[in-house]
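Trainee: quick one, what's the 3D model for this:
(chains A and B)
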Amino acid sequence: MDIVFILILAGLYAVSHGLAWALSRLGGEP
Amino acid sequence: MTGPSLELLAIFLAATLLCTKPLGLYLAHVMEGRPIWPLRLGRPVEALIYRLCGIDPAEEMGWQRYAVALLVFNALGALLVYGLQRLQYWLPLNPEHFPGVAPDSSFDTAVSFVTNTNWQGYTPESTMSYLTQMAGLAVQNFLSAATGIVVAVALIRGLARHSAASIGNFWADVTRSTLYVLLPLSVVLALALASQGVIQNFSAYRSVTMLQPVTYEQQKTDAAGAPVKDGAGNPVMESLTTQRQTLPMGPIASQEAIKELGTNGGGFLNANSAHPYENPTWLSNLLEMLAIIAIPAALTHTFGRAVGDTRQGWAVFGAMAILFVAQYAICNHSEQLGNPRVAALGVDQAATALQPGGNMEGKEARFGIASSTLFATITTATSCGAVDSWHDSYTPLGGFVPLFNMMLGEVVFGGVGTGLYSMLVFAIIGVFVAGLMIGRTPEYLGKKIEAFEMKMSAIAILVMPFIVLAGTAVAVSTAAGQAGAANPGAHGFSEILYAFTSAGNNNGSAFAGIAANTVFYNTALALCMWLGRYWPIVAVLAIAGSLAAKKRIPVSAGTMPTHGPTFIILLIGTVLLVGALTFVPALALGPIVEHLTLWGR
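Mentor: Numbers count the residues shown, from 1 in each chain, chains lettered A, B, ... in the order given. I've put the predicted structure just below:
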């Protein structure tokens, strides 16, 4: 079970990092 | 509202006002690294941290780097707290020999404490070792609070700077806010609480014989911990008799202080601030309430100082204070009115010199209705989640207030940092709406509000309602979700809605009736906590980066003043309209229908 929850945590990190990347592509990066 | 309630409110607001300016000023100095004496005193420790971690505090970051550093820092924190819980049986400071926490509960708790939610699906005193409480949970109480502060500071810099490519250094900001703000305030508060009787030790739990046997009723649960219900969906109770009582011990005062100051809310004990070991006296209760609101209120002044016009900060403070007083008045009045079903039995619910009157179910006699409803309003207006009374036992309208407070996005002072940055997002939306109404390009503090800022504001505002409503919908439509609610009908729905609202807003308080230590709730709520925390943070940092890069427009005849009563009304209206339009349908199925059922003829 531990590996399942660690993978979920990694997934949550990935989607948040992905959001930051996607938003920077929208034109917010100076 | 009764006289004592008004007196308590007046004392509390006066004390908050007294703290706001000096603490706000101090925060401004700390975040800009000005050489005031606490910073000079702590410089060697700060420098050592930077050297050990390989940090150059002078290195500026763009918003994307700042966001990634924040996400990495928090994800690693979650991993550490998860590991500590799983391995606690083999680690020191575990006098009760608690086994490793179950994987789903460890995951939920790790995400909960890293996101500043501190939702507790478990019973702390029978689950967590002292090491887990201190090195895992209390450490995250500091770091999650620091994370909130630095995001607010980054947004303030975005508004204060112009033509800049950066919003600060995440590592330096976290270090300074922990070292110079949260740690010293926690030490002072922990000593003050210990003076009132909050315990602080590493002793094993004590088993004592009570003077007489006690028979009590408790809700029956099955092997999985879910409440057992009868055919009508009502909880099945069982009667138990005992003459022995186990008294939990532990380093409570030190954790209690940061629990309030960091608007964390996770109690060392399951009863949280209703337990006399966490909150023994009227004074400790007042200190805890003040500690919850002190930093969020002070940050409004920090904001005003940073943008060079303290009236801007006071305008935000004013909008928060007006909403706060209204929330307290509704909650307090509803509880003071009492329960008509109880009144029909001939019970006297009038406030007199000898009794507080009203609905005392779920409230500590030593706090009464005035302190309990004020605590409930504060803990949900901010993102704290500590409780000194059971919100589940409030009248429908009294319980509606904590729920609606969270649904507003916890912007009424709000969490440390989160309250200010969320309110500033509402301010951006407010000036945009006002700009549309008067036909001018919206601007806030000399910064043009354009499409990018509005898209980011929309993300920051809409993520929370989406995860709250979607999570609630999934829970009420699945057997695993329905199993957790202890009550049938509208109140059961309120319990589930409250749980997801609390998780999505990183509050952590609960309608006590829900049994949430199940794989379904531990996983679903953890997902809500993570997304409800970091997606808005990423959007807010994007706004900060975008605003920092803009030029400052000089004030002209067409500039809408954002420091006066018109702006305060606009801000309050924006917050209420967004909250009401998003959540009224769900509220109608829960507390509103409960209220009509209770009071309707």
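Trainee: helix or strand next in line after the helix or strand residue B:107 falls within, which one?
Mentor: In the assignment (DSSP states H and E), residue B:107 maps to helix B:103-114. Using DSSP H and E, the next helix or strand after helix B:103-114 towards the C-terminus is helix B:130-131.
Trainee: from residue B:448, how far off is the residue of chain B found nearest chain A?
Mentor: Going by Cβ to the nearest Cβ, chain A is nearest to residue B:549 of chain B, at 3.4 Å. The way it works is simple: take the backbone N, C-alpha and C, and place the C-beta from them, glycine included. Remark: distance between residue B:549 and residue B:448 (Cβ to Cβ, to the nearest Å) = 11 Å.
Trainee: out of those two, which sits in the more crowded spot?
Mentor: Using other Cβ atoms under 10 Å in any protein chain shown as the criterion, residue B:549 and residue B:448 rank with residue B:549 on top: 21 against 15.
Trainee: would you say residue B:209 is within a helix?
Mentor: No - counting by DSSP: H, G, I helix; E, B strand; the rest coil, one finds residue B:209 to be strand, located in no helix.
Trainee: and it, how many neighbours?
Mentor: By other Cβ under 10 Å, 9 other residues sit near residue B:209.
Trainee: does it have beta-bridge partners, and which?
Mentor: Counting by DSSP bridges, residue B:209 is bridged to residue B:244.
Trainee: can you pull the contacts of it?
Mentor: Residue B:209 makes contact with B:243-245, according to Cβ atoms under 8 Å, 6 or more residues apart in numbering or on different chains.
Trainee: closest one of those residues to residue B:191?
Mentor: The nearest member of the contacts of residue B:209 to residue B:191, counting by Cβ to Cβ, is residue B:245 at 28.6 Å.
Trainee: these two touch, right, the closest one and residue B:211?
Mentor: No - with contact defined as Cβ atoms under 8 Å, residue B:245 does not count as touching residue B:211 (10.5 Å).
Trainee: give me the more crowded residue out of these two.
Mentor: Each of residue B:245 and residue B:211 has its neighbours counted (other Cβ under 10 Å); residue B:245 has more, 11 against 7.
Trainee: the more buried one and residue B:487: what is the separation?
Mentor: Residue B:245 is 28 Å from residue B:487, by Cβ to Cβ.
Trainee: now residue B:423
Mentor: Relative to residue B:487, residue B:423 is positioned 34 Å away (Cβ to Cβ).
Trainee: now residue B:241
Mentor: Residue B:241 sits 26 Å away from residue B:487, going by Cβ to Cβ.
Trainee: when those two are compared, which one has more neighbours?
Mentor: More crowded of residue B:241 and residue B:487, by other Cβ under 10 Å: residue B:487, with 19 against 8.
Trainee: secondary structure class for the closest residue to that one other than its chain neighbours?
Mentor: Closest residue to residue B:487 in three dimensions, ignoring its sequence neighbours and counting by Cβ to Cβ, 6 or more residues apart in numbering or on different chains: residue B:513, at 5.6 Å. Classification of residue B:513 using three-state DSSP returns coil.
Trainee: give the contact list for residue B:513.
Mentor: Residue B:513 sits in contact with B:392, B:485-487, B:491-492, B:495, where contact means Cβ under 8 Å, 6+ apart.
Trainee: what do you get if the cut-off is 10 Å, keeping everything else the same?
Mentor: B:219, B:227, B:235, B:390-393, B:484-487, B:491-492, B:494-496, B:498-499 (Cβ atoms under 10 Å, 6 or more residues apart in numbering or on different chains).
Trainee: and what of residue B:419?
Mentor: Residues in contact with residue B:419 (Cβ under 10 Å, 6+ apart) are B:148, B:152, B:263, B:293, B:295-297, B:299-300, B:316, B:320, B:381-383, B:409-413.
Trainee: count residues in the vicinity of the residue nearest to it when sequence neighbours are not counted, would you?
Mentor: Ranked by Cβ to Cβ, 6+ apart and with sequence neighbours excluded, the top spatial neighbour of residue B:419 is residue B:296, at 4.4 Å. By the measure other Cβ under 10 Å, the count of residues near residue B:296 is 33.
Trainee: hmm, residue B:296 is touching residue B:412, no?
Mentor: Yes - with contact defined as Cβ atoms under 10 Å, residue B:296 reaches residue B:412; the gap is 9.0 Å.
Trainee: shared neighbours of these two, anything?
Mentor: B:320, B:378, B:381-382, B:419, B:423.
Trainee: any low-confidence regions in the chain?
Mentor: No chain specified, so I'll use chain A. Chain A contains residues with pLDDT under 70 at A:27-30.
Trainee: wrong chain, I was asking about chain B
Mentor: B:601.
Trainee: OK, contacts around residue B:421?
Mentor: Residue B:421 touches B:148-149, B:151-156, B:158, B:299, B:303, B:411, B:414-415, B:460, B:536-537, B:540-541, B:543-544, counting by Cβ under 10 Å, 6+ apart.
Trainee: now intersect those with the helices, please.
Mentor: Counting by DSSP state H, the part of those found in helices is B:148-149, B:151-156, B:158, B:299, B:303, B:460, B:536-537, B:540-541, B:543-544.
Trainee: excluding its backbone neighbours, what's nearest residue 1?
Mentor: Here I'm looking at chain A. residue B:103 (4.0 Å).
Trainee: wrong one, chain B
Mentor: Closest to residue B:1 by Cβ to Cβ, 6+ apart is residue B:332, at 5.3 Å.
Trainee: separation between the one you found and residue B:506?
Mentor: Residue B:332 is 25 Å from residue B:506, by Cβ to Cβ.
Trainee: residue B:108 touches residue B:508, doesn't it?
Mentor: No - judged on Cβ under 10 Å, residue B:108 makes no contact with residue B:508 at a distance of 11.5 Å.
Trainee: give me the common contacts of those two.
Mentor: Common contacts of residue B:108 and residue B:508 (Cβ under 10 Å, 6+ apart): B:117, B:119-120, B:529.
Trainee: would you mark the buried spots in stretch B:343-352?
Mentor: B:349, B:351 (16 or more other Cβ atoms under 10 Å in any protein chain shown).
Trainee: from the contact counts, what lies against the helix or strand hosting residue B:468?
Mentor: Assigned by DSSP H and E, residue B:468 belongs to helix B:451-476. In terms of contacts (3 or more Cβ pairs under 10 Å, 6 or more residues apart in numbering or on different chains; DSSP states H and E), helix B:451-476 is packed against helix A:2-23, helix B:396-407, helix B:418-438, helix B:479-484, helix B:489-504, helix B:519-549, helix B:565-587.
Trainee: closest one to residue B:169 among those?
Mentor: Here helix B:519-549 is closest among those (Cβ to Cβ), at 13.2 Å.
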